[in-house]
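In: Have a look; sequence and predicted model below, questions after that.
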Amino acid sequence: MIPQEFEYAAPATLQAALELLADPGARPLAGGMSLVPLMKLRLAAPEKLVDLRLISSLKSIRREGAVLHIGAMVTHYELESAPLIRQECPLLAAAAAAIGDVQIRNSGTIGGSVAHADPAADYPAALLALEARVQLTGPTGEREMTFEDFVLDTFTTALEPGELVTAIVVPIEAPGTGVHYQKHPQPASGFPMVGVAVRVRRENGLISFARVGVTGLSGKGYRARAVEERLIGGAASDVEIKEAASVVAAGVEASADIHASAVYRAQLARVATVRAIRASLPHAH
Amino acid sequence: MSTVTTETPTYVGKRIKRKEDPRMITGTATYLDDIKLPNMHFAAIVRSPYAAARVDRIDAAAALALPGVVAVFTGADLDDVGNVPCGVTLPGLRIPPHAILAQGRVYFAGHPVAVVVANDPYRARDAAELVEVDYTPQPGIADPEKALEPGAPAVHPEWPDNVAFVHKQENGDVDIAFAEAEVIVKQRMLQPRVVANPMEARGAIGDYRSAEGTLTLHSSTQIPHLLRSIAAAVLGVPEHKMRVIAPEVGGGFGCKADVYAEELLVCFLSRKLGKPVKWVEGRREHFQATSQGRGHVDYYELAAKKDGTILGIKLKIIQDIGSHQQLTTPLIPTLSVLMLPGLYRCKTFRAEVVGAFTNCFPTDAYRGAGRPEATYGIERIVDCLAVELGMDAAEIRLKNFIEPQEFPFATGTGLIYDSGSYAATLGIALDTVGYAALREEQRAARAAGRLMGIGIATYGEICGFGPSPYTPAGGWESATVRIEPSGQVTVHTGISPHGQGEETTFAQIAADELGVSMDDVVIVHGDTAIVQYGIGTFGSRGTAVGGTAMFLAIEELKKKIMKYGAMLLETEDVQWVAGRVVCNKTGASVTVAQIAAASYRALKLPPGSEPGLVATSFWEPANFTFPFGAHIVVTDVDPDTGDVKITRYVAVDDCGKIINPLIVAGQIHGGIAQGIGQALYEQMVYDENGQILSGEFTDYVMPKAANIPFIESHHTETPSPVNPLGVKGVGEAGAIGAPPAIVNSVVDALSHLGIRHLDMPLTPEKVWTAIQGSRA
């Protein structure tokens, strides 16, 4: 459980970091909660680690009009506990709070998690339901895209060599939006075998807005648009919820491993969807 | 035989915080990896990624070129070091030669193929990655039942049937019992392999000094003296020139009551290189190369009368042996046969154990070592019988229990149960949990579509190993008790505690017996150069056997103390009262400290006495001890996900006399946690060839604090007549009672759906799939 030898740098500015990351043997280090275990198992062996922890411009959380701008190096614990996040984007706080344990949350960062693109991470369900955006900064400048477009496949993103995730942008939740993140953890690792994030609004007793994000079920997270369509315009009775949830895994190739077969994983997705919708409804008006 | 002092004890029976804990929680305890020796080097092992393969070529050139690397050795370089030993003899036992480094073939994923020694552990690990090994993989086999089928890959070419041994035992006329039975129930049961995972994994340091021809082996072990004798023989070192030191050991649970290739390897390396060499097990290595527990495929058959009386038991155990025999590998399932009838009076049985070779690391002792397996089986099959007959689970047990007046009870398997009050203990559990009300609640829950289960398990176990004829390597224990000139007490015990707390409990006993303060007693263990030969800590024997040896040594000392006191008080008319020798007529007295001082100065000696106050006792128990108990578990099963939630856990355990309730509570809670782990979470998973699939904590499901319910723990105290302390042992009880109680509970939750049995671990998917199947 000893990593291969590596060099280590901790630059104080984003510019200095980008210069160091121009070296193809260099990799950025955020919270280290995914990268360091991989290095200890010798599944990853970067020659140089560029630690981003000293770059203060990556650690801010601020309101920008109708959105919240979250620096990539903000930790899960900061997201779960910051009053601004808890009040204005409670779904993100809920997803952050579900990650690992307190020690992990004090180190792990949203930028690191998003850049790593683990198909069984917690954030994707929430970020998809929030229609979040990802800001990237590289040697050629800044660009932005939806989170949905940013994650291409398992552990694969749209990051170009030398580019960093620098911020996540989420909407300030409109009043009367009910949200819930329902997670079914893998019992050994604590990662979601399936995680479903729901945002709903009601008007005159009918669902006027629904967003459903799913993580853990397959090779990458996805928006369950089929579930959303069935919910919108309905009264969200128990029967309607079950019927809408029943298609959450339709057409999705569910993963299988020693903890859950594809069939069982799909069952968990349906159950988590039902429970997430039910839990978010009381706050939806 | 005199029993523990009849005066009101100051310490025994009291909740007293452990003397061990301050050093452990302040980070000042010395574990194996804390040990730094001058010029110490580090070993990193190159392990096979294949479970079965031929080793065609090993090229260490790149590794040797790395600065700081001093040597690389393979199986060809071992001089005449012997093999990893098996200490068990059974008729027909096949013992494959087990060299400390692979000899041209590998038999399990993780099999050591080469070892790198470097001047720091990082360099050693880097160099190990650079050793090139060419393998020709062969088909392997991980499933022990499939390994016994014709055509299965042969683990060892010389034994194509993969049979490691066959062990049979029977009593009474089983065929008549089954012919006359009014009902017969049958069930196949799996008890998958589990990994011990002590918080501290293994580790060893070999330190050979050629100028003196002495070898010191530091090892995280449960059996320092046995390890010394065995390692000395394997390495060809005279025993008196070998020393084994067990430092602070961070848990063992049986996996460290063994002799491993790596322990022998570091000694070989040190002797070869003339430097101390340290090897520390990584967690991944622990999954690959440390002995595992359980590994049973059991076929049970129970014959009974319609009124629930058990007439006969048939059992076939297929024991997953693994690729080789570790120290006590084949012994463990034979212990299951001894405990086959559990707490029931039926003496008619037929048992057969078939040991199957597989391409996995060997199984060996793990908390309970054979007795949890037996208890699980009998408690499950008795529940199956109860369901078949429509009888209540408690009622059927009460009908078959051995009754108090029947002790000592000779079982059909050749054991003599010392004492017990099984019905009373189950009764307390039933009252505590509110059994009748729970069954009412269950009826209502079922009507509302809730899946609620109530599971009972009653267990007995063999502890206090044990009479030497039945304990390989001897079952006695030793103690030397030394009263210093100051009157303070040093005890050298041959047991080797690694979390059991004897530094505290033995001090309690010794302090009460000698009438001194607990702070004035220190317990020393683990170093073969300091402590007289002992057997070690396993099989819940520490206090029952080791404590008794200490007690008897103290009795010897007390005789001497009385004589000395009489001399000092100038009268024969004296008695012992709480740490003083008192003149009956005048009330004048002398303390143990005063006597000690006088005894060492020896200005005046009682006739026929020697100076000094030291006594050694080697004590052999005439029988095992038999703790017992009843656990009742209430569960709630989520029909949509199969998740199992334990809503109540009642444990009533009888470990005989309780020395320290705090420590007993710790043992019960820890054992139950491991039992919950086995029942609901843990299993070692291999693919069909023996490739490890659950080799990290990200995949092997350990029970965590959040998974353990509040445990309502109660005790009865039925003293054991086997030893003067009345102690039965408690280390393994929780791990024995929990799995059957939990599985019985979940099966009970689903019994109205027609489900009769589910195998451990009761993963949510397994439970959900069974529910789906029942509704189909």
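Out: Sure thing, it's come through. Given the structure is predicted, the values throughout are model-derived calculations rather than measurements.

In: Can you find the helix or strand of chain A with the lowest average pLDDT?
Out: Lowest on mean pLDDT, DSSP states H and E among the helices and strands of chain A sits helix A:35-40, with a mean of 95.

In: Would you confirm that residue B:539 contacts residue B:467?
Out: No. With contact defined as CB atoms under 8 Å, residue B:539 does not reach residue B:467; the gap is 12.0 Å. To be clear about C-beta, it is placed using only N, CA and C from the backbone, and glycine gets the same treatment.

In: more neighbours, those two?
Out: More neighbours surround residue B:539 than the other of residue B:539 and residue B:467, with 29 against 16 (other CB atoms under 10 Å in any protein chain shown).

In: other SSEs contacting the helix or strand following the least confident helix or strand of chain A?
Out: Per DSSP states H and E, helix A:35-40 leads on to strand A:48-51 as the next helix or strand towards the C-terminus. When contacts are defined as 3 or more CB pairs under 8 Å, 6 or more residues apart in numbering or on different chains; DSSP states H and E, strand A:48-51 packs onto strand A:7-9, helix A:14-21, strand A:26-29.

In: quick one: strands adjacent to the next helix or strand after strand A:48-51?
Out: Downstream of strand A:48-51, the next assigned helix or strand under DSSP H and E is strand A:61-64. Sheet pairing for strand A:61-64, assigned by DSSP bridges, gives strand A:67-71 (antiparallel).

In: top strand in chain A by residue count?
Out: In chain A, with assignment by DSSP state E, the single longest strand is strand A:192-203.

In: Only the buried residues of that strand, if you could.
Out: Neighbour-count burial for strand A:192-203 flags A:192, A:193, A:194, A:195, A:196, A:197, A:198, A:199, A:200, A:201, A:202 (criterion: 16 or more other CB atoms under 10 Å in any protein chain shown).

In: State the pair within those residues that is farthest apart.
Out: The distance between the two most remote of those (CB to CB) is 30.1 Å, for A:193 and A:202.

In: how about the strands in the stretch 201-350 of chain B?
Out: For the stretch 201-350 of chain B, the strands defined by DSSP state E, counting those that start in this stretch occupy B:203-209, B:214-219, B:242-245, B:277-280, B:292-293, B:296-304, B:310-322, B:349-357.

In: who's in contact with the fourth one?
Out: When contacts are defined by CB atoms under 8 Å, 6 or more residues apart in numbering or on different chains, strand B:277-280 is touched by residues B:32-33, B:35, B:37, B:40-45, B:117, B:121, B:201, B:203-206, B:262, B:265-266, B:269-270.

In: and chain A, which of those residues reach it?
Out: With the criterion set as CB under 8 Å from any CB of the partner chain, the members of these near chain A are residue B:121.

In: So how do I select the buried members of the contacts of strand B:277-280 in ChimeraX?
Out: To isolate the buried members of the contacts of strand B:277-280 in ChimeraX, using 16+ other CB under 10 Å:
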select /B:32,33,35,40,41,42,43,44,45,117,121,201,203,204,205,206,262,265,266,269,270
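
In: got the residues of the stretch 601-750 of chain B near chain A?
Out: Where the stretch 601-750 of chain B comes near chain A, counting by CB under 8 Å from any CB, the residues are B:640-641, B:681, B:685, B:693-694, B:696-702.

In: show me what contacts residue B:77?
Out: residue B:101.

In: picking that back up, looking at the strands of the stretch 201-350 of chain B, which is buried most?
Out: Sort the strands of the stretch 201-350 of chain B by mean neighbour count, taking mean count of other CB atoms under 10 Å in any protein chain shown, and strand B:292-293 sits at the top with a mean of 27.

In: helices or strands up against it?
Out: strand B:194-195.

In: Spatially, what comes nearest to residue 13 if we skip its sequence neighbours?
Out: Here I'm looking at chain A. residue A:55 (6.3 Å; CB to CB, 6 or more residues apart in numbering or on different chains).

In: my question was about chain B
Out: The shortest distance from residue B:13 to any non-neighbouring residue, by CB to CB, 6+ apart, is to residue B:658 (6.4 Å).

In: Number of residues surrounding the one you found?
Out: Other residues near residue B:658 come to 23 when the count uses other CB under 10 Å.

In: Farthest-apart pair in the residues of the stretch 601-750 of chain B next to chain A, please.
Out: Across those, the longest distance by CB to CB is 29.5 Å; it joins B:640 and B:696.

In: Look through chain A and tell me its longest helix.
Out: helix A:262-280 (DSSP state H).

In: Quick one: list the elements packing against that one.
Out: Where contact means 3+ CB pairs under 8 Å, 6+ apart, helix A:262-280 is packed against strand A:178-185, strand A:192-203, strand A:206-215, helix A:238-245, helix B:764-775.

In: Counting by contacts, list what the longest strand of chain A packs against.
Out: So strand A:192-203, by 3+ CB pairs under 8 Å, 6+ apart, packs with helix A:90-97, helix A:123-129, strand A:178-185, strand A:206-215, helix A:262-280.

In: buried sites along the last one?
Out: Put plainly, it is helix A:262-280. Within helix A:262-280, the residues that count as buried by 16+ other CB under 10 Å are A:262, A:264-278, A:280.

In: what do you get for the fourth one?
Out: Using 16+ other CB under 10 Å as the burial criterion, the residues of strand A:206-215 that qualify are A:207, A:209, A:210, A:211, A:212, A:213, A:214, A:215.

In: List the contacts of the nearest residue to the first one once chain neighbours are set aside.
Out: So the one you mean is residue A:207. Excluding the flanking residues, the one nearest residue A:207 by CB to CB, 6+ apart is residue A:231, at 4.9 Å. Listed by CB under 8 Å, 6+ apart, the contact set of residue A:231 reads A:200, A:207, A:210, A:212, A:240, A:241, A:244, A:277.
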